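A.B. asks: sequence? don't have it. structure:
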């Protein structure tokens, strides 16, 4: 029988130790993003600070308790978080905990993530609101992500402040009157070099010039003239910051009280798949009027409260709640009676919908009962209540 010598055993141990040290060195040197986050503990009503480490190579996360000075979560794969979610102000869900991203903590994190997620302000003007689904689809095809979005009305005074750099010019009064004449779709867009990229995607100010020089742009495809030119975009980081603050920190989504309304709540997977525009276009093309719209990140408390009636009704209730918390939803107030719109939405199971109503929304955009594109109001008596949850007085839990 062969017995290894002490020398060979020692050499083997040294080899294993060397491999371990090398592996640890690779792990230590592996790129990771370091971000200050906060978690609101609803039990204690306290905001708890953490440091989140995100490893882009394998989508794992790690959390360090800043107050207790110890590891809170060991490195683990987290399917609900991707690199594109890591922008300041966003809320992400890590194993059931909703974390708000506060600050990038090192130069690698700041440089890598900021260049991938520059913010800019975009606005669809009143004359194209009936075509907003097609325009949003065009924008998604260009790679833009929607961080904030609402259908709102800008009063004359706010419009005058918005366009103050044009004050004194011949078109100023006409522009202010026009932009305050009806609802606009206000958006915060995210993309690499978003400010420049959105301006390029818009095309020349004059749609006539755009159709000649840049035919595959928003203004070429949807604009009429230099005033009715479909959309607006910030022209500098300073302008983007000012315009985003002016609109999103001072205005709520437009809401028209009515007794004939139903809620259409677009699920997170639709935004993640870049199909929001297509779904809204399908609604508009079937002559349904969208009177209110808002992108919203539901908290776990909001989700449990809003969907509590479905406990015991949905077989996959925990999976449904988990999905609603996995990303942003888009709430739409539809000017329709509940039963008519619910029929257009289709069966709860998209596979059934494809057999019975192949042109219904769930048949076209859904995958399974959890990822079935939208939630819509089920009972006529619930229509106004569900719409008001998202839109009355700002919506949600303020």
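C.D. replies: Now that the structure is in, tell me what you want to look at. These figures come from a predicted structure and were not determined experimentally.

A.B. asks: And residue 271, which helix or strand is it part of?
C.D. replies: helix 268-272 (DSSP states H and E).

A.B. asks: Give me the helices and strands touching that helix, please.
C.D. replies: For helix 268-272, the packing partners by 3 or more C-beta pairs under 8 Å, 6 or more residues apart in numbering; DSSP states H and E come out as helix 317-324, strand 329-334. To be clear about C-beta, it is placed using only N, CA and C from the backbone, and glycine gets the same treatment.

A.B. asks: do that again at 10 Å, thanks
C.D. replies: strand 145-152, helix 276-285, helix 317-324, strand 329-334, helix 361-365 (3 or more C-beta pairs under 10 Å, 6 or more residues apart in numbering; DSSP states H and E).

A.B. asks: Could you dump the ones you listed into CSV and include distance to residue 268?
C.D. replies: Formatted as CSV, those follow (distance: least, C-beta to C-beta, whole Å):
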stretch, distance to residue 268
strand 145-152, 12
helix 276-285, 10
helix 317-324, 6
strand 329-334, 6
helix 361-365, 13
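
A.B. asks: Is it correct that residue 80 is in contact with residue 92?
C.D. replies: Yes: using C-beta atoms under 10 Å, residue 80 is in contact with residue 92, at 7.0 Å.

A.B. asks: Between those two, point out the one with more neighbours.
C.D. replies: More neighbours surround residue 92 than the other of residue 80 and residue 92, with 25 against 18 (other C-beta atoms under 10 Å).

A.B. asks: what does the helix or strand encompassing that one contact?
C.D. replies: Assigned by DSSP H and E, residue 92 falls within strand 91-94. Outside strand 91-94, the residues within contact range by C-beta atoms under 10 Å, 6 or more residues apart in numbering are 35, 37-40, 50, 52, 54, 61, 63, 73, 76, 78, 80-82, 85-86, 98-101, 297-300, 322, 325-328.

A.B. asks: now, which of those lie within helices?
C.D. replies: Assigned to helices by DSSP state H, the following of those qualify: 300, 322.

A.B. asks: Give me the subset of the contacts of strand 91-94 that lies in strands.
C.D. replies: Using DSSP state E, the members of those that fall in strands are 35, 37-40, 50, 52, 54, 61, 63, 73, 76, 98-101.

A.B. asks: picking up where we left off before, okay, and the common contacts of residue 80 and residue 92?
C.D. replies: Contacts common to residue 80 and residue 92, judged by C-beta under 10 Å, 6+ apart, are 61, 325-327.

A.B. asks: Looking at those, which is nearest residue 282?
C.D. replies: Relative to residue 282, the closest of the shared contacts of residue 80 and residue 92 is residue 327; by C-beta to C-beta it sits at 20.5 Å.

A.B. asks: For the closest one, which residues are in contact?
C.D. replies: Here residue 327 is in contact with 80, 82, 85, 90-93, 267-272, 297-298 (C-beta under 10 Å, 6+ apart).

A.B. asks: same question, residue 368
C.D. replies: Applying C-beta under 10 Å, 6+ apart, we find residue 368 in contact with 316, 319, 349-351.
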